[in-house]
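Visitor: Quick one, what's the 3D model for this:
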Amino acid sequence: MFRDALQYPTRGPWLRRTVVGGLLTLGTAFLFPVIVLVGYVVTVLERSAAGEDTPPAFDDWYRLGSRGLGGLIIIAAYGLGPVIVAALVGLTLTELGVVLLQEFAPLLSREETLIWGVGVLAGLVAGVVGLCLFSIILACWYVLPAALGRYGTTGSVGAGFELRELRPIITSSEYLLAIAITQLVPLMVVAAAFVLAITIVGLLVVPALPFLGTLCCARLVGVAIAD
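Guide: Modelled structure (predicted):
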């Protein structure tokens with residue numbers, strides 16, 4: 001699986017694809033390149049799950065754009081949604097704590113033992129809530145690639161939220177292994193960038209490395225979904 005993912009970016013007309021992908025990666029400060037890249041990742045997931053071994057070309061820009069918009073909706077729901085909810089819960093609990101502290105400050109000031117007890121209880125509650133929110137965020141990020149894969153294979157944004165259909169994917173050993181391997185890819189990209197940055201010629205290749213790393217990750221997940 002890992003060897004296949006590493007070889008995947010070199011299949012087909014790799015030079016043009018890598019140049020275009022690298023240029024789009026450089027332009028991710030703007031919305032259009034992000035949309036196209038997300039659409040391309042969704043297409044890679046779709047074709048890898050269908051058993052195709054060659055990466056798609058950057059040719060049907062309209063389709064890549066439309067796929068990218070749907071993919072961004074799923075990414076926002078799974079990636080940003082839990083973070084926003086966690087931030088709102090944290091702010092709410094902070095405000096509630098300030099109000100309760102002001103309300104019971106006179107009572108607490110007379111009982112030192114009670115102050116320590118309330119402090120410990122508040123710390124435990126904050127720790128448990130924080131751990132639960134962090135676990136939910138990690139779970140959503142774990143499901144996100146599978147949701148994008150479902151969207152790619154079905155063409156429906158709603159398919160990315162069908163938990164009954166996602167459950168067999170995210171609980172499979174192939175998917176778990178694929179997600180575990182994808183955590184190593186960014187480290188490899190950083191190491192390769194460091195080595196290439198030593199030479200002037202290598203510097204020209206560095207902008208394409210994030211694109212190639214993303215291509216490898218999408219291939220890993222796509223194959224896992226197919227299995």
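
Visitor: any idea how far Leu93 is from the nearest residue to Val34 once chain neighbours are set aside?
Guide: Using CB to CB, 6 or more residues apart in numbering and skipping the chain neighbours, the partner closest in space to Val34 is Thr28 (5.3 Å). Just so you know, the C-beta spots here come from the backbone N, C-alpha and C atoms, and that holds for glycine as well. Separation of Thr28 from Leu93 (CB to CB, to the nearest Å): 34 Å.

Visitor: chain center to the helix or strand bottoming out on mean pLDDT in the chain: distance?
Guide: Scoring the helices and strands of the chain by mean pLDDT, DSSP states H and E places helix 200-205 at the bottom, with a mean of 72. Offset of helix 200-205 from its chain centre (CA atoms, centre = their mean, to the nearest Å): 28 Å.

Visitor: likewise stretch 66-85?
Guide: The chain centroid and the centroid of stretch 66-85 are separated by 10 Å under CA atoms, centre = their mean.

Visitor: list the contacts for the most centrally placed residue in the chain?
Guide: Compute the mean C-alpha point of the chain, and by CA atoms, centre = their mean the closest residue is Trp141, 5.5 Å away. Going by CB atoms under 8 Å, 6 or more residues apart in numbering, Trp141 touches Tyr78, Gly79.

Visitor: what about stretch 217-227, distance to the chain center?
Guide: Taking the mean of its C-alpha atoms, stretch 217-227 sits 15 Å from the chain's own mean (CA atoms, centre = their mean).

Visitor: Show me the contact partners of it.
Guide: With contact meaning CB under 8 Å, 6+ apart, stretch 217-227 is reached by 1-2, 4-5, 8, 41, 44-51, 55, 145-146, 148-150, 152-153, 169, 172, 174-175, 177-179, 181-182, 185.
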